[in-house]
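# Sequence plus predicted model, see below.
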Amino acid sequence: MKSRTKWKLNAPVKNTEKVTELSEALKLSPLFIELCLQRGLDSKDKIERFLLPDQTWIYDPYLMHDMERAVSRITESVERGEQITIYGDYDAGAIRSQVKSLCSSL
């Protein structure tokens with residue numbers, strides 16, 4: 001089967017000294033550091049901010065289209081004791097969100 005997607009891979013990191021330096025300073029694997037460097041996380045500060053995000057990373061969910069309408073409908077369902085079906089895909093972030101949604105509605 002031929003893929004319709006043309007994958008663009010980042011060039012391997014050639015600065016092994018930087019990989020070693022950051023790997024030792026942060027006590028993280030060289031492979032992880034290489035991935036960080038390929039994605040522009042090229043300092044100890046940037047990698048730490050990526051690993052330990054703060055609230056500035058969280059977007060306002062009400063910026064999504066019809067969020068107020070959705071919240072109103074979910075609230076109404078909870079108040080009426082109606083069942084709520086939660087849909088999502090199967091990646092790690094979506095599964096976590098689904099579980100969190102389910103637990104917060106109990």
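That came through fine. Numbers count the residues shown, from 1 in each chain.

# Now name the helix or strand holding E17.
Using DSSP states H and E, the secondary-structure element containing E17 is helix 16-26.

# now that helix: how far from the chain's centre is it?
Here helix 16-26 shows a centroid-to-chain-centroid distance of 24 Å under the convention CA atoms, centre = their mean, to the nearest Å.

# Then stretch 27-38?
Offset of stretch 27-38 from its chain centre (CA atoms, centre = their mean): 17 Å.

# picking that back up, which residues touch the helix holding E17?
Here helix 16-26 makes contact (CB atoms under 8 Å, 6 or more residues apart in numbering) with 13, 28-30, 32-34, 36-37, 42-44, 47-48. In this view, the C-beta of every residue, glycine as well, is placed from N, C-alpha and C.

# Please, where are all the strands along this structure?
Taking DSSP state E, the chain contains no strands at all.

# remind me which residues of it are low pLDDT?
Residues of the chain meeting the criterion pLDDT under 70: 1, 91-94, 100-106.
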